[in-house]
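Chemist: Need a 3D model of the following:
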Amino acid sequence: MPIRPAGCRIGSRRDRRSCVPAEFVIISVVALVALLGPGVQAEAATAFDPSTFQAPDGAITLTRGGNYVEPYFATKALLVAQDGGLDIRGAAQAWIDWTLPRQRADGLFRRFCRAARNASANPNTNYAWRDCAAADADDSMLALWMQLLYRMAPSTGMPAEWQRSLTLASKQLAKLRNGRLGVYHVSRLNHVALFMDNIEVYAALRDVARGQSRLHDPAAAATDARAHQLDAAIQRIFWDRRTGRFRPSMQKSRPAFYPDVVAQVYPWLADVSGPGQDPRQAWQRWRQTFGAGWIERRYDTNPWGLVALAAEKLGDAKSAACWTSQSDSLRGGNSWNVLEEAVWQSLRAHFPQAQVLDPQACSDIWDPQESPTANGAPGIQVQQ
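Modeler: Just a heads-up that it's a prediction; the model follows:
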């Protein structure tokens, strides 16, 4: 993994911080969505409500009422919300309408900052936002964007404007593939391949293939083949047989909770596992080693709701409910962003209110006598 440069990289996707520019100081539900198809939303689904994150013009900011748009977080949040059974149609349509005209001619996406601080400024003009930074990871963003468009495309066919955007994004994503290794680089300037990025690209390609099939697009078979090729390359390039775990990057780095430990959870969200690995057993080992530290944010100040989603997916509803109850007080804080909000709303819709508001929700999951460093791992720093 590339070493993070000095200073906070605003909205950095690889370190998942909710940084902003210095100038702006239940499984059954998921299965139902999958059964209905990528472009169909269950009518009775609870609506995803990003109201405090989504501006009137459709822009989705990284933080509540923020002035900064990180396209990766916004797009990922919408997909996670839909995977969790929430209805994202309104929020997604507004986000797509806002993003389409801001996609570069080469198909890439940039980060945006609010240009007008005047409260009376018209938020529906291009002058309200300015391009303020390059994307942090082109591979994931391009793939997630394609995934979102195929999920939201009407059954009558892909809108012409969306198809043009897809063509641009697809061409750029193809340029990031390392033909020899079979995995994707972060960007055309950063030739590092990251494990979690490639998992996201794999999941997106698989989903895009389903969307193409739904729309009777003959390209579906080729897209599905590329997904399977990437799956094989991920196993070959990132799996460490000696340690029995995935490497987070092609580059060596000092072990840390993120990316090393979080990386082990990521593939389970995409139905990927290591050779001979039983995901449910692997999750139980992960939870026993890192669970309490994750919930109490001893390794990292970020809540890491995606871990809770993996827990629920693997049948550990108690850990997911524990995270949901513990995270309620974090909403709106410095460590909270739109992706955590999407996870929270998804899980909140799965559990009874009494369960997620129960202060004792975590009491029967871990040994209450364990010390703050009892579940540490070699090289992983515990925050004191």
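
Chemist: now the strands for the chain?
Modeler: 68-69, 110-114, 129-134, 239-240, 245-246 (DSSP state E).

Chemist: now, of those, which is deepest in the fold?
Modeler: Across those, the average number of neighbours (mean count of other CB atoms under 10 Å) peaks for strand 68-69, which reaches a mean of 26. Where C-beta positions appear, they are placed from N, C-alpha and C, glycine not excepted.

Chemist: So this structure: which segments form each domain?
Modeler: Listed by automatic domain parsing, the domain ranges of the chain are 27-253, 282-384.

Chemist: Adding distance to Pro275, write those domains out as JSON lines.
Modeler: Listed next are the domains of the chain as JSON lines, based on distance: least, CB to CB, whole Å:
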{"stretch": "domain 27-253", "distance to Pro275": "6"}
{"stretch": "domain 282-384", "distance to Pro275": "12"}
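
Chemist: Return the distance of stretch 291-307 from the chain's centre.
Modeler: Remark: stretch 291-307 is offset 16 Å from the chain centroid, using CA atoms, centre = their mean, to the nearest Å.

Chemist: Rebuild the strands of the chain as TSV, extending it with mean pLDDT.
Modeler: Shown next, in TSV, are the strands of the chain (pLDDT from 0 to 100):
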stretch	mean pLDDT
strand 68-69	96
strand 110-114	95
strand 129-134	93
strand 239-240	96
strand 245-246	96
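
Chemist: Now distance to His191 too, for the ones you listed, in TSV please.
Modeler: Formatted as TSV, the strands of the chain follow (distance: least, CB to CB, whole Å):
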stretch	distance to His191
strand 68-69	27
strand 110-114	20
strand 129-134	15
strand 239-240	21
strand 245-246	20
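
Chemist: Between the domains of the chain, which has the poorest mean confidence score?
Modeler: Looking at the domains of the chain, the lowest mean pLDDT belongs to domain 282-384 (a mean of 84).

Chemist: so the nearest residue to Arg104 once chain neighbours are set aside bridges to which residues?
Modeler: Nearest-residue entry for Arg104: Arg110, 6.8 Å, with adjacent residues in sequence omitted and distances by CB to CB, 6 or more residues apart in numbering. Note on Arg110: beta-bridge partners by DSSP bridges are Ala134.

Chemist: Please tell me I have it right and Arg110 contacts Asp131.
Modeler: Yes: assessed by CB atoms under 8 Å, Arg110 is found in contact with Asp131 at 4.8 Å.

Chemist: quick revisit: what's near enough to touch the residue nearest to Arg104?
Modeler: Going by CB atoms under 8 Å, 6 or more residues apart in numbering, Arg110 touches Pro71, Arg102, Arg104, Asp131, Cys132, Ala133, Ala134, Ala135.

Chemist: Quick check: the last one touching Arg111?
Modeler: By that I understand Ala135. Yes: contact criterion CB under 8 Å: Ala135 and Arg111 qualify, at 6.6 Å.

Chemist: Mutual contacts of those two, please.
Modeler: With CB under 8 Å, 6+ apart, Ala135 and Arg111 have common neighbours Pro71.

Chemist: Mind jotting down where the helices sit in this protein?
Modeler: 27-36, 71-83, 89-99, 138-152, 160-175, 195-214, 220-238, 262-263, 266-269, 279-295, 305-313, 317-327, 338-348, 353-356 (DSSP state H).

Chemist: Relative to Tyr184, which of those is closest?
Modeler: Minimum separation from Tyr184 across the helices of the chain (CB to CB) falls at helix 138-152, 4.4 Å.
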